[in-house]
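1. 3D model of this:
(one chain, ligands or ions: 1)
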Amino acid sequence: MKALITGVAGFVGSHLAEHLLSQGIEVTGTLRGHSSLRHIRHLLPDMRLYECELMDQQAVDQMMTEIRPDLIFHLAAQSFVPVSWDSPAETLTNNIVGQIHLLEAVRKLGLASKVLIACSSEEYGQVEEDEVPVKETNPLRPVSPYAVSKIAQNYLGYQYYKTFGQHIVRTRTFNHTGPRRGEQFVSSNFAKQIAEIEKGLKPPVLYVGNLEAKRDFTDVRDVVRGYRMALDYCEAGELYNIASGQCREIREVIQILLRYSTVEITIEEDKTRLRPSDVKVLVGDYTKFYQQTGWTPEIPFEQTMKDLLNYWRNELA
Ligand SMILES: Nc1nc2c(ncn2[C@@H]2O[C@H](COP(=O)(O)OP(=O)(O)O[C@H]3O[C@H](CO)[C@@H](O)[C@H](O)[C@@H]3O)[C@@H](O)[C@H]2O)c(=O)[nH]1
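-> Numbering: from 1, shown residues only. Model (predicted):
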């Protein structure tokens with residue numbers, strides 16, 4: 001069984017590669033020329049890397065001709081919401097066109113690959129309090145260019161399934177975190193700041209943005225287990241929420257991280273961290289995914305936060 005992971009050098013890609021390799025699957029991961037290998041260096045003896053620019057159709061065709069994967073996990077994307085306000089055109093182009101090139105290669109080569117498209121709960125956007133936990137059928141009210149790019153990826157997946165019969169499964173994953181999470185994302189950013197304060201690298205002030213937002217966090221290691229199950233058990237053309245079903249105010253993330261630390265801190269709002277529009281509440285109903293696969297999250301959020309803090313302590317050591 002051969003799997004292709006696009007964006008393997010990223011946070012989710014590295015965990016997914018680890019998981020698939022542990023199951024005896026042959027893994028090839030794509031990355032861009034300038035990507036750092038620090039999250040995947042330990043996997044290199046067992047995994048093939050393929051430098052491929054997804055914006056280049058010819059490069060994608062060549063890679064797919066060589067690899068002919070049974071499973072494709074399409075993760076590569078511009079994934080940080082605030083960047084999408086600074087660079088909306090780049091976010092939309094990267095996230096949409098890269099995926100078109102991948103699906104076009106599958107079509108032109110007549111491959112029977114099963115494809116997972118990593119969509120996002122951000123697509124739901126402005127969710128009303130009485131709509132949570134949100135089901136896959138909830139209206140979409142996107143409030144960022146990133147959300148729009150993910151809606152496009154989602155519907156392109158649907159369209160290629162309908163038009164060409166490709167085996168495409170779409171997952172709408174809610175927030176996920178854990179060791180190796182990029183430092184710009186909220187839980188990782190706070191954990192890194194706390195680790196820096198512990199080491200005396202910065203004054204005991206934790207800079208924050210909007211602490212009133214509510215999110216649904218799942219451990220990345222549970223998410224990647226779900227991604228494999230999605231291609232094993234889910235129906236082509238269908239869309240599934242992957243979530244924990246638990247709602248947490250961002251403020252609570254700080255409280256939990258601080259339980260594992262002895263530092264005294266003050267919290268200060270950093271206005272540059274506030275967004276032009278922020279999704280107020282996202283909590284997912286993953287009943288459909290559970291019924292199809294038997295998947296449930298296993299790692300408690302507290303454990304995830306402990307592991308994330310330890311990750312940053314090791315990085316700074
Ligand atoms: N990044 C960040 N966010 C902060 C901060 N303080 C408060 N927040 C709030 O914390 C929430 C989560 O922010 P992020 O971690 O940046 O994640 P996101 O915008 O919810 O998007 C993530 O989840 C999506 C799934 O819903 C993913 O699709 C997306 O790629 C990303 O992982 C947002 O409401 C944000 O305003 C801060 O200092 N930094």
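2. from here on, contacts and neighbour counts on C-alpha atoms
-> Fine.
3. how about the strands in this protein?
-> Along the chain, counting by DSSP state E, strands occupy 2-6, 26-31, 48-51, 71-74, 114-120, 167-173, 176-177, 205-208, 214-215, 218-219, 239-242, 248-249, 266-269.
4. can you put those in a markdown table and add distance to residue 148?
-> Output for the strands of the chain, formatted as a markdown table (distance: least, C-alpha to C-alpha, whole Å):
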| stretch | distance to residue 148 |
| --- | --- |
| strand 2-6 | 20 |
| strand 26-31 | 24 |
| strand 48-51 | 27 |
| strand 71-74 | 17 |
| strand 114-120 | 10 |
| strand 167-173 | 13 |
| strand 176-177 | 19 |
| strand 205-208 | 26 |
| strand 214-215 | 19 |
| strand 218-219 | 23 |
| strand 239-242 | 17 |
| strand 248-249 | 24 |
| strand 266-269 | 28 |
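5. output these in JSON lines, with mean pLDDT and mean neighbour count appended to each entry.
-> Formatted as JSON lines, those follow (pLDDT from 0 to 100; neighbours: other C-alpha atoms under 10 Å):
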{"stretch": "strand 2-6", "mean pLDDT": "98", "mean neighbour count": "23"}
{"stretch": "strand 26-31", "mean pLDDT": "98", "mean neighbour count": "22"}
{"stretch": "strand 48-51", "mean pLDDT": "97", "mean neighbour count": "16"}
{"stretch": "strand 71-74", "mean pLDDT": "98", "mean neighbour count": "22"}
{"stretch": "strand 114-120", "mean pLDDT": "98", "mean neighbour count": "24"}
{"stretch": "strand 167-173", "mean pLDDT": "98", "mean neighbour count": "25"}
{"stretch": "strand 176-177", "mean pLDDT": "98", "mean neighbour count": "24"}
{"stretch": "strand 205-208", "mean pLDDT": "98", "mean neighbour count": "18"}
{"stretch": "strand 214-215", "mean pLDDT": "97", "mean neighbour count": "20"}
{"stretch": "strand 218-219", "mean pLDDT": "98", "mean neighbour count": "24"}
{"stretch": "strand 239-242", "mean pLDDT": "98", "mean neighbour count": "26"}
{"stretch": "strand 248-249", "mean pLDDT": "98", "mean neighbour count": "16"}
{"stretch": "strand 266-269", "mean pLDDT": "97", "mean neighbour count": "12"}
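6. next, count neighbours for the closest residue in space to residue 139 that isn't next to it in sequence.
-> Setting aside the residues directly before and after it, residue 139 is nearest to residue 124 in space (C-alpha to C-alpha, 6 or more residues apart in numbering), at 6.7 Å. The number of residues packed near residue 124 is 24, by other C-alpha atoms under 10 Å.
7. what of the one 5 residues further on?
-> Residues within reach of residue 129, counting by other C-alpha under 10 Å, total 12.
8. show me what contacts it?
-> By C-alpha atoms under 8 Å, 6 or more residues apart in numbering, the contact list for residue 129 reads residue 281.
9. gap between it and residue 122?
-> 16 Å (C-alpha to C-alpha, to the nearest Å).
10. relative to residue 133, how far out is residue 299?
-> From residue 299 over to residue 133 (counting by C-alpha to C-alpha), the distance is 20 Å.
11. and those two? Which one has more around it.
-> residue 133 (19 against 14).
12. in the stretch 101-250 of the chain, what residue lies closest to the ligand?
-> Nearest to the ligand in the stretch 101-250 of the chain, going by C-alpha to the nearest ligand atom, is residue 209, at a distance of 3.2 Å.
13. name the nearest residue to that residue, ignoring sequence neighbours.
-> For residue 209, ignoring the flanking residues on the chain, the nearest one in space by C-alpha to C-alpha, 6+ apart is residue 273 at 4.6 Å.
14. quick check: pLDDT value at the one you found.
-> Per-residue pLDDT puts residue 273 at 97.
15. for residue 262, same thing?
-> 88.
16. care to break this structure down by domain?
-> 2-176+217-242, 182-215+246-281+299-316 (automatic domain parsing).
17. got a list of what the nearest residue to residue 288 once chain neighbours are set aside touches?
-> With sequence-adjacent residues excluded and distances taken as C-alpha to C-alpha, 6+ apart, residue 288 is closest to residue 240, at 6.4 Å. For residue 240, the contact set (C-alpha under 8 Å, 6+ apart) comprises 136, 170-172, 286, 288-289.
18. ok, residue 107 next?
-> 164, 166.
19. and it, how far from residue 232?
-> Residue 107 is 21 Å from residue 232, by C-alpha to C-alpha.
20. ok, back up a step: mind listing the residues bridging to the residue nearest to residue 288?
-> Note on residue 240: beta-bridge partners by DSSP bridges are residue 171.
21. just checking, what packs against the helix ranked longest in the chain?
-> Using DSSP state H, we find that the single longest helix of the chain is helix 145-164. Contacts defined by 3 or more C-alpha pairs under 8 Å, 6 or more residues apart in numbering; DSSP states H and E place helix 145-164 against helix 83-86, helix 88-92, helix 98-109, strand 114-120, strand 167-173.
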